[in-house]
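J.: sequence first, predicted model second:
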Amino acid sequence: MVVAATSAVLLLVAALSSLEQYEVMIAVGGIALGLCLVTIKAERLALLWFALTPIASYYFRYPAQKSIVTFDRVSISLIVIALIFRAVSSKRKLPTISLFEIFWGLFTVVALVSVARMSFDPEYSAGYALRTAVDGFLLPLALFFVTKNYFDSRAHSKSLMLASSLVGIYLFVLGLYEFIFEEDLFPIKDAAFIREGFVRANGPFTTDNSYAIICLLLFFLIYFLPRLGEFQLDRASETLRRITLAMIGAATLIPLFRVIIIALIVGLLLPLAIAYGRKWVITFLGVVFALGAIILLPVAGLLTATDIFQDRVANPDNIYGRMATYIAALKIAADSPITGIGLENYTPYFLEKFYGKDSEPDAEVTVEGVVAIENPHSNIFAVLSELGLIGLLLYLAANIYLLKIGISLIKSATTKAQHWIGVCFVVLYLAYWIPGLTLTSGYYSDLNLYFFFLLGFLINRARAQAPSAQRPMSDVLPAAVNIGHRT
């Protein structure tokens, strides 16, 4: 009933948004979210956000451009307040803060300082950069903190499974429709729906990067969730789960990212490598590739003749272009190596440096005749050039400690469920990080919110699995900092 009522409100908000009745939309949406806060548990509010945010975030925003009130900002704020208020009311112990949270918090501070420092430049888009710092870095950290410490994961694992399946199915349907009919169902200003002559479906998200990686995260979550304990699926439910996995797996491939295929293969093989060892995986891969070559050779012959294969796979210009782009990013980073050129300032700086009126005649960066593009195409190069070595060191430290948490969960596991929680954590981490090596995906708030929420849920789930006699999970997390206890 709650889902039906929320869906009805969402349709009303979408209608008001399309009619540009923004004041009424804000009032209706605000009242609905307020009623959710006082009438349903914080966990259900979080799961409703999880299930609805891809579409709701598109419609529930005011103003439409340079939005101040957004669905994510309002929803995450309510979830954080509700979970913390409940914890304080029940006089729960104050939580520990991991080094990941400390370093990510410092990284966020560096991003905010960068915005403040650059805001005096009239040509700098401070509002856009501030949105990235708040929505892309700060809100995900807050959501991670409360989910890790206060979310009742034991009682809501199955609900998360249902919400993830729902999101995955409608993302597949929307992406497939956009790809087949070449129609952008959710047009967003400056979004590149058709790029290099091909449709790059992005569904309701700002970019196809977010669409592909979020689908990848959902795929692995649904793949592992039944192994994490607390609920079993009957035969019909398991069949539906496998159908859903097939749909979401196909959705990850719709935006045509080669690196997504690599991340998908790595994520599927990692559990085998952990369970059976490297030699077994190598033998398994040899058999799979041999059989695949025999079975798929005719299909491969047809695919190699397509324009998509020739442009996205066989054309070496892709590699040359990426090399040129990374060389250009290093040249930009060298201009301000310590503090960077400013958050979200890469594109205008690139254009001015290499194509501006004051640029040198031979400033353009090329490799084998292929020119660099105005996007760093890598999270690492983006952070290095925009936030300097200070930002990059904090960013890398945060992510290294985040990975250490996943490894610690595997090593400290005493049950199969705990082991799979750790494996799922590491796989989601790699599913997020591998594409980020060649895509600038780490700045996107929609992706970061999903990613941080899921990792916080898994840590919470591991704590719930730990028997009372076992040492607390705060001791398992690497270098956790205790901020005190409430008696």
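T.: Right, received. Where do you want to start?
J.: pLDDT value on the residue nearest to residue 182 when sequence neighbours are not counted, please?
T.: Nearest residue to residue 182 in three dimensions, chain neighbours excluded: residue 199, at 5.1 Å (Cβ to Cβ, 6 or more residues apart in numbering). All C-beta atoms are positioned from the backbone trio N, CA, C, and that covers glycine. We have a pLDDT of 81 for residue 199.
J.: and residue 199, what are its phi and psi?
T.: Phi and psi for residue 199, reported as degrees, to the nearest 10, are phi -70, psi 130.
J.: how far away is it from residue 254?
T.: Between residue 199 and residue 254 the computed distance is 9 Å (Cβ to Cβ, to the nearest Å).
J.: between these two, who's got more neighbours?
T.: Remark: of residue 199 and residue 254, residue 254 carries more neighbours, 25 against 20, as counted by other Cβ atoms under 10 Å.
J.: what sits against the more buried one?
T.: Residue 254 makes contact with 175, 176, 179, 201, 211, 212 under the criterion Cβ atoms under 8 Å, 6 or more residues apart in numbering.
J.: which elements pack onto the longest helix along the chain?
T.: Longest among the helix segments of the chain by residue count, using DSSP state H, is helix 379-411. Under the contact definition 3 or more Cβ pairs under 8 Å, 6 or more residues apart in numbering; DSSP states H and E, helix 379-411 sits against helix 99-118, helix 317-335, helix 346-355, helix 416-436, helix 445-465.
J.: of all those helices, which lies closest to residue 376?
T.: helix 317-335 (4.5 Å; Cβ to Cβ).
J.: what sits up against that closest one?
T.: Contacts with helix 317-335, where a contact means Cβ under 8 Å, 6+ apart, come from 312, 340-341, 346, 349-350, 353-354, 365-373, 375-378, 381-382, 384-385, 388, 438.
J.: tell me how many other residues crowd residue 325.
T.: 24.
J.: in this structure, where is pLDDT below threshold?
T.: For the chain, the stretches with pLDDT under 70 are 1-40, 190, 196, 230, 277-317, 360-363, 466-487.
J.: which phi and psi does residue 437 have?
T.: Phi and psi for residue 437, reported as degrees, to the nearest 10, are phi -70, psi -30.
J.: do the same with residue 370
T.: Backbone torsions of residue 370, given as degrees, to the nearest 10, read phi -100, psi 130.
J.: is it bridged to anything, and to what?
T.: Counting by DSSP bridges, residue 370 is bridged to residue 367.
J.: burial check on it, number of neighbours?
T.: 19.
J.: now it: how far from residue 319?
T.: Residue 370 sits 9 Å away from residue 319, going by Cβ to Cβ.
J.: residue 265 too?
T.: As judged by Cβ to Cβ, residue 265 and residue 319 stand 20 Å apart.
J.: so where do the strands sit in this structure?
T.: All strands of the chain, identified by DSSP state E, fall at 61-62, 69-70, 96-97, 194-195, 198-199, 366-367, 370-371, 481-482.
J.: please name whichever of those strands is nearest to residue 463.
T.: Among the strands of the chain, strand 96-97 comes nearest to residue 463, with 10.8 Å by Cβ to Cβ.
J.: packing partners of the closest one?
T.: strand 481-482.
J.: so residue 127 sits against residue 66, correct?
T.: Yes: contact criterion Cβ atoms under 8 Å: residue 127 and residue 66 qualify, at 5.7 Å.
J.: so residue 56 versus residue 251, what's the distance?
T.: Counting by Cβ to Cβ - residue 56 and residue 251 are separated by 19 Å.
J.: of these two, who's got more company?
T.: Set residue 56 next to residue 251 and count neighbours by other Cβ under 10 Å: residue 251 wins out with 28 against 23.
J.: look up how far residue 50 lies from that one.
T.: Residue 251 sits 17 Å away from residue 50, going by Cβ to Cβ.
J.: got it, and residue 264?
T.: The gap separating residue 264 from residue 50 is 22 Å, by Cβ to Cβ.
J.: these two: which is more packed in?
T.: Counted by other Cβ under 10 Å, residue 264 and residue 50 do not tie: residue 50 has more neighbours, with 22 against 19.
J.: residue 50 contacts residue 453, correct?
T.: Yes: Residue 50 lies in contact with residue 453 (Cβ under 8 Å); the separation is 6.8 Å.
J.: I'd like the strands of the chain as a markdown table, with distance to residue 151 appended.
T.: A markdown table is the format used below for the strands of the chain (distance: least, Cβ to Cβ, whole Å):
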| stretch | distance to residue 151 |
| --- | --- |
| strand 61-62 | 26 |
| strand 69-70 | 22 |
| strand 96-97 | 16 |
| strand 194-195 | 38 |
| strand 198-199 | 38 |
| strand 366-367 | 47 |
| strand 370-371 | 47 |
| strand 481-482 | 20 |
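J.: care to break the chain down by domain?
T.: Domain assignment of the chain by automatic domain parsing yields the ranges 1-92, 97-276+317-487.
J.: tell me which of the ones you listed is the most buried.
T.: Comparing the domains of the chain by mean neighbour count (mean count of other Cβ atoms under 10 Å), domain 97-276+317-487 ranks first with a mean of 19.
J.: now do that one: distance to the chain's middle.
T.: With Cα atoms, centre = their mean, to the nearest Å as the basis, domain 97-276+317-487 stands 4 Å off its chain's centre.
J.: follow-up on the earlier one: distance to residue 270 for the contacts of residue 254 - can I get that in CSV?
T.: Listed next are these as CSV, based on distance: Cβ to Cβ, whole Å:
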residue, distance to residue 270
175, 26
176, 28
179, 29
201, 27
211, 23
212, 19
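J.: now, those that are in helices?
T.: 175, 176, 179, 211, 212.
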